[in-house]
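**Student:** here is a sequence with its predicted model. Questions after.
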Amino acid sequence: MTEITVFEGDITSLSVTAIVNAANSRLAGGGGVDGAIHRAAGHRQLQAACAKLGGCPTGQVRLTEAFELPSEYIIHAVGPVWHGGKQGEEAALRSCYREAMRLAIRQAFESIAFPAISCGVYGYPWREAVGIAVTEVTRCLQRSSALETVVFCCFDTRMADLYRARLASDRVGGG
Ligand code: APR
C-alpha cells in the first residue's frame, strides 16, 4: 500500500528517489521551484543535462539525474500556463501527473515528490490543480502500487491545507 503524504517546505530538501520539477518547455531553468532545483542540483551540471534533451512539450515529462540533490533523479514536468481554462489546461496538467507517475512506476522508483505544478507563475487555480493532482496520482496507484511513498510538497500552509482536505475527503468518499 502506497503512503501519500503532504510535506510543507522546500522540495530540494527531500531524500526521495525522484523529485518532480515544474519546468518550462525549453527545460532552460527559471524561477520558483525550477530555480530552486537548478541551484541545489548544481546549475551548470543540470543545465548541461537538460540541454541534451531538446526541450519537452507541455503535459510531458523528461528524466535527468539529480546531481547535488539528496534525491536521485529529477522528473521535469511541463505544466500548462493558465489562460482561463479553455485551452486544454486541465488535460495538460492531468497528463503531467500521469506521465510522471508512469515514469516512476516504469523505473521502479520507491518514492516521488511533486510540487504544485503550474500553481505559481503559470497561474493555475489552486483548488482545481490540487483536485487534479490527487485524482491522477490515486488512479495511477490503483493500477500499480509498486511505489512506497508519494509526497505532495507544498511551499505554504494554504496549499498544504488544500491537499490535506482533498486527501481526507477522498478517503471518506472512498475515491
Ligand atoms: N519547493 C516546493 N515548492 C516550491 C518551491 C520549492 N523550493 N518553490 C516554489 N514552490 C511552489 C510554488 O509556491 C508553487 O505553489 O511550487 C509551485 C509551482 O510554482 P512555480 O515554480 O512558479 O511553477 P509553475 O507555476 O509551474 O511555473 C513554471 O516558472 O520557474 C519557472 O521555469 C519555470 O517557466 C517555468 C514556470
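**Tutor:** On my side now, so go ahead. Numbers count the residues shown, from 1 in each chain.

**Student:** the nearest residue to E3 once chain neighbours are set aside and the ligand, how far apart?
**Tutor:** Of all residues beyond its chain neighbours, the one nearest E3 is T149 (5.0 Å), with distances taken as C-beta to C-beta, 6 or more residues apart in numbering. From N, CA and C alone the C-beta is placed, and that goes for glycine too. When distance is defined by C-beta to the nearest ligand atom, to the nearest Å, T149 is 16 Å away from the ligand.

**Student:** for T149, what are phi and psi?
**Tutor:** Backbone torsions of T149, given as degrees, to the nearest 10, read phi -140, psi 140.

**Student:** I'd say it and V16 touch.
**Tutor:** Yes. Assessed by C-beta atoms under 8 Å, T149 is found in contact with V16 at 6.9 Å.

**Student:** which of these two has more neighbours?
**Tutor:** Set T149 next to V16 and count neighbours by other C-beta atoms under 10 Å: V16 wins out with 25 against 15.

**Student:** what's the spacing between that one and the ligand?
**Tutor:** 12 Å.

**Student:** that residue belongs to a helix, doesn't it?
**Tutor:** No. Using DSSP: H, G, I helix; E, B strand; the rest coil, the assignment for V16 is coil, not a helix.

**Student:** test my guess that it contacts S71.
**Tutor:** Yes. Between V16 and S71 there is a contact at 5.2 Å, judged by C-beta under 8 Å.

**Student:** not counting its neighbours along the chain, what's nearest the most centrally placed residue in the chain?
**Tutor:** Central residue of the chain (C-alpha atoms, centre = their mean): F114, 3.2 Å from the mean position. Distances taken as C-beta to C-beta, 6+ apart place V20 nearest to F114, at 4.7 Å, with adjacent residues excluded.
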